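*Asks:* Structural data only, the sequence is not supplied:
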């Protein structure tokens with residue numbers, strides 16, 4: 001039998017690519033509209049000021065993060081103990097219920113702040129199980145030598161969907177306020193069906209026999225003892241925690257940026273802005289799928305995070321809509337380089353028996369940076385204004401990069417993606433090549 005020369009030639013990889021595309025297209029679109037509805041409802045129905053409504057966006061991020069923080073250890077154990085296809089599919093089914101609830105509530109004008117917060121928390125609960133289960137499937141179906149290319153191709157699915165999802169949701173919302181949620185529900189059904197069509201995956205008897213609490217502790221201990229993995233995970237956590245500008249995009253869309261005739265860009269402009277970082281990321285991911293990074297991977301990851309911070313600052317200072325879109329594209333491109341390198345390193349430096357738990361911890365860091373970043377942005381906007389909050393966050397991302405480059409020299413010294421991992425009971429060793 002001829003060995004595949006590309007991940008896309010592997011049938012199961014095509015299925016998970018499609019599943020991820022549909023799920024991300026649906027959920028990114030939903031999240032954009034949820035944020036816009038929350039901000040609009042807070043301003044219109046509750047009579048809040050810009051600062052007060054901005055703070056509500058921060059609370060929305062917190063509502064999604066709390067279940068992520070609580071359930072992440074369980075999600076990692078589930079991904080290592082049970083069939084990862086079923087774990088992911090059940091989580092997708094929860095998102096289907098959320099989409100249908102929002103569709104009906106929007107159609108009958110029953111959207112309230114408590115309802116949005118409740119569904120946001122439920123979405124956070126579902127997402128915490130999707131991440132580690134789906135991420136851990138890819139190394140099971142793709143040979144290790146192809147994994148960096150597979151991650152780049154998976155990122156293309158993510159980024160193309162992140163471009164199309166928010167833009168389509170914004171356009172659909174303008175036509176019918178409940179339309180984005182009906183479309184999202186249909187796409188999530190397709191995603192769950194694609195996941196379940198993947199062939200059976202290997203299960204590790206030791207993972208199923210071990211006590212769940214012990215597995216949770218072992219997963220955190222493994223990451224803590226591996227300074228290289230710890231540095232990768234926490235770099236993203238703190239850089240994006242400070243540098244996330246996307247939480248405040250509804251403020252820029254409704255009250256700061258305007259079309260050429262001086263009218264606010266509104267929900268349509270918001271969809272375009274949310275899609276812009278994904279455009280930059282998708283272009284970089286496409287390039288990396290054909291010309292993967294092979295050398296000086298650690299240094300390039302650090303420079304990419306610093307570039308992310310610089311683009312964030314430029315966006316916060318811009319008052320020209322077209323220029324702002326350009327800075328968001330650059331922001332997404334820099335972030336994609338960082339995500340590509342970090343994801344490849346984390347997957348290749350982790351043995352499969354603990355990969356679900358490590359993926360869950362990595363996912364928690366990403367989610368913490370996103371959701372707590374939204375909370376930080378909302379609080380900072382209430383104190384400094386939206387522009388001040390975004391500029392402060394970009395400066396913080398650059399500062400974190402400088403500190404991590406000094407505190408974790410293993411990151412700077414990483415030359416290639418060559419995997420070197422230990423077993424759960426080996427003593428830790430420096431992970432550089």
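*Replies:* Thanks, I have the structure now. The structure presented is a predicted model; accordingly, all values stated were derived computationally and were not measured.
*Asks:* Now do the strands in the stretch 251-400 of the chain.
*Replies:* Along the stretch 251-400 of the chain, no segments are classed as strands by DSSP state E, counting those that start in this stretch.
*Asks:* shaky segments in it?
*Replies:* Residue ranges of the stretch 251-400 of the chain with pLDDT under 70: 347-376.
*Asks:* how does it look with 50?
*Replies:* Flagging of the stretch 251-400 of the chain using pLDDT under 50 yields an empty set of residue ranges.
*Asks:* now do the stretch 101-250 of the chain
*Replies:* Scanning the stretch 101-250 of the chain for pLDDT under 50 picks out 206-207, 209, 211-212.
*Asks:* which residues in it form strands?
*Replies:* Going by DSSP E, counting those that start in this stretch, the stretch 101-250 of the chain shows no strands.
*Asks:* I'd like the distance between residue 281 and residue 172.
*Replies:* 23 Å (Cβ to Cβ, to the nearest Å). Yep, even glycine has a C-beta here, placed from its N, CA and C like the rest.
*Asks:* When the two are compared, which one has more neighbours?
*Replies:* Neighbour count, other Cβ atoms under 10 Å: between residue 281 and residue 172, residue 281 has more, with 27 against 20.
*Asks:* what sits against residue 284?
*Replies:* 332, 333, 336, 337, 340 (Cβ atoms under 8 Å, 6 or more residues apart in numbering).
*Asks:* actually residue 93, sorry about that
*Replies:* 188, 192.
*Asks:* Now name the helix or strand holding it.
*Replies:* For residue 93, the element it lies in under DSSP states H and E is helix 84-107.
*Asks:* How far off centre is that helix?
*Replies:* 18 Å (Cα atoms, centre = their mean, to the nearest Å).
*Asks:* for stretch 285-292, same thing?
*Replies:* Taking Cα atoms, centre = their mean, one finds stretch 285-292 lying 20 Å from the centre of the chain it belongs to.
*Asks:* Give me the buried positions along that stretch.
*Replies:* 285, 286, 288, 289, 292 (16 or more other Cβ atoms under 10 Å).
*Asks:* how about TSV for those, with distance to residue 16 added?
*Replies:* Converted to TSV, the buried residues of stretch 285-292 look like this (distance: Cβ to Cβ, whole Å):
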residue	distance to residue 16
285	16
286	18
288	18
289	15
292	19
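*Asks:* Between all of those residues, which two are separated the most?
*Replies:* Largest separation among those by Cβ to Cβ: 286 and 292, giving 11.6 Å.
*Asks:* Spit out the contact partners of the closest residue to residue 342 other than its chain neighbours.
*Replies:* The spatially closest residue to residue 342, leaving aside those adjacent along the chain, is residue 232, at 5.0 Å (Cβ to Cβ, 6 or more residues apart in numbering). The neighbours of residue 232, taking Cβ under 8 Å, 6+ apart as the test, are 301, 342, 345, 346, 362, 411.
*Asks:* Can you name the two of those that sit furthest apart?
*Replies:* Longest span within the contacts of residue 232, Cβ to Cβ: 362 and 411, 14.8 Å.
*Asks:* still on that earlier bit, for residue 378, state which of the buried residues of stretch 285-292 is nearest.
*Replies:* Among the buried residues of stretch 285-292, residue 285 lies closest to residue 378 (Cβ to Cβ), at 29.4 Å.
*Asks:* Run a quick neighbour tally on residue 322.
*Replies:* 9.
*Asks:* scratch that, residue 343 is what I was asking about
*Replies:* Neighbour tally, residue 343, other Cβ under 10 Å: 23.
*Asks:* Excluding chain neighbours, what is closest to it?
*Replies:* Distance criterion Cβ to Cβ, 6+ apart; nearest residue to residue 343, sequence neighbours excluded, is residue 151 at 5.1 Å.
*Asks:* just checking, that neighbour touches residue 344?
*Replies:* Yes. Applying Cβ atoms under 8 Å, one finds residue 151 in contact with residue 344, separated by 5.3 Å.
*Asks:* hang on, the earlier thing: and the helix holding residue 93, which residues are buried?
*Replies:* So for helix 84-107, counting by 16+ other Cβ under 10 Å, buried means 84-85, 87-92, 94-96, 98-99, 101-103, 105-106.
*Asks:* What of stretch 252-263?
*Replies:* Judged by neighbour count (16+ other Cβ under 10 Å), stretch 252-263 contains these buried residues: 252, 253, 254, 256, 257, 258.
*Asks:* residue ranges for the helices of the stretch 1-150 of the chain, please.
*Replies:* Secondary structure of the stretch 1-150 of the chain by DSSP state H, counting those that start in this stretch: the helices cover 11-44, 50-81, 84-107, 113-141, 147-175.
*Asks:* Now distance to residue 186 too, for those helices, in a markdown table please.
*Replies:* Putting these into a markdown table (distance: least, Cβ to Cβ, whole Å) gives the following:
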| stretch | distance to residue 186 |
| --- | --- |
| helix 11-44 | 8 |
| helix 50-81 | 23 |
| helix 84-107 | 9 |
| helix 113-141 | 17 |
| helix 147-175 | 12 |
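*Asks:* I'd like the next helix or strand past the host helix or strand of residue 401.
*Replies:* If you go by DSSP H and E, residue 401 is part of helix 373-407. Where DSSP H and E defines the elements, the next helix or strand beyond helix 373-407 is helix 409-413.
*Asks:* distance between that next one and the chain's centre?
*Replies:* 24 Å.
*Asks:* swap in stretch 389-399?
*Replies:* With Cα atoms, centre = their mean, you get 19 Å for stretch 389-399.
*Asks:* and what of stretch 44-52?
*Replies:* For stretch 44-52, the distance to the chain centre is 29 Å (Cα atoms, centre = their mean).
*Asks:* got it, and stretch 140-158?
*Replies:* Between the centre of stretch 140-158 and the centre of its chain there are 16 Å (Cα atoms, centre = their mean).
*Asks:* Name the residues of it that are buried.
*Replies:* Counting neighbours by 16+ other Cβ under 10 Å, stretch 140-158 gives 141-142, 146-158 as buried.
*Asks:* Can you tell me which of those residues is closest to residue 309?
*Replies:* Using Cβ to Cβ, the buried residues of stretch 140-158 come closest to residue 309 at residue 155, 20.4 Å.
*Asks:* Look up the closest residue to the closest one, ignoring the ones flanking it.
*Replies:* Using Cβ to Cβ, 6+ apart and skipping residues adjacent in sequence, the residue nearest residue 155 is residue 285, 4.1 Å away.
*Asks:* For the one you found, give me its contacts.
*Replies:* Taking Cβ under 8 Å, 6+ apart as the test, what residue 285 contacts is 152, 153, 155, 156, 158, 159, 336, 340.
*Asks:* and the fourth one, what does it touch?
*Replies:* With contacts defined as Cβ under 8 Å, 6+ apart, the neighbours of residue 156 are 282, 285, 286, 289.
*Asks:* Would you check how far apart the second one and residue 293 are?
*Replies:* Here residue 285 is placed at a distance of 12 Å from residue 293 (Cβ to Cβ).
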